[in-house]
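Colleague: Predicted structure and sequence below. I'll ask about it afterward.
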Amino acid sequence: MFLATQTLEMLFAQLGLDNDELSIKRFIHQHKIQAGVLLFEAQFWNDSQALFLQEAIYEDADWAEVIDQLDAMLR
């Protein structure tokens, strides 16, 4: 059985964002989430990105770990 480990680069690609190292660093520098706001509620996501993030977290999908990592980076 093959278990893929999702990466931050793969998550950014899945979200339709540039996924090279510089683009990821720039995104994290330019976007911050306030305390009490859930990741998928952040104003900078489009509807499909927010829905993907919400479903992946609630379903504890393969993406959940890397989404948690992104969440921590945006705080």
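Modeller: All right, it came through fine.
Colleague: center of this structure - which residue?
Modeller: For the chain, the residue sitting closest to the mean C-alpha position, by CA atoms, centre = their mean, is Ile67 at 4.5 Å.
Colleague: Just read off the phi/psi values of it.
Modeller: The phi and psi torsions at Ile67 (degrees, to the nearest 10) take the values phi -70, psi -40.
Colleague: so who does it touch?
Modeller: Leu11, Leu39, Leu53, Ala56, Ile57 (CB atoms under 8 Å, 6 or more residues apart in numbering). Every C-beta, even on glycine, is put in place using the N, C-alpha and C of the backbone.
Colleague: Of these - the most surrounded one?
Modeller: Among those, Leu53 has the most neighbours (other CB atoms under 10 Å), with 24 neighbours.
Colleague: Can you tell me the SS state at Val37?
Modeller: Secondary structure, DSSP: H, G, I helix; E, B strand; the rest coil: Val37 is coil.
Colleague: what's the pLDDT at it?
Modeller: Listed pLDDT for Val37 reads 96.
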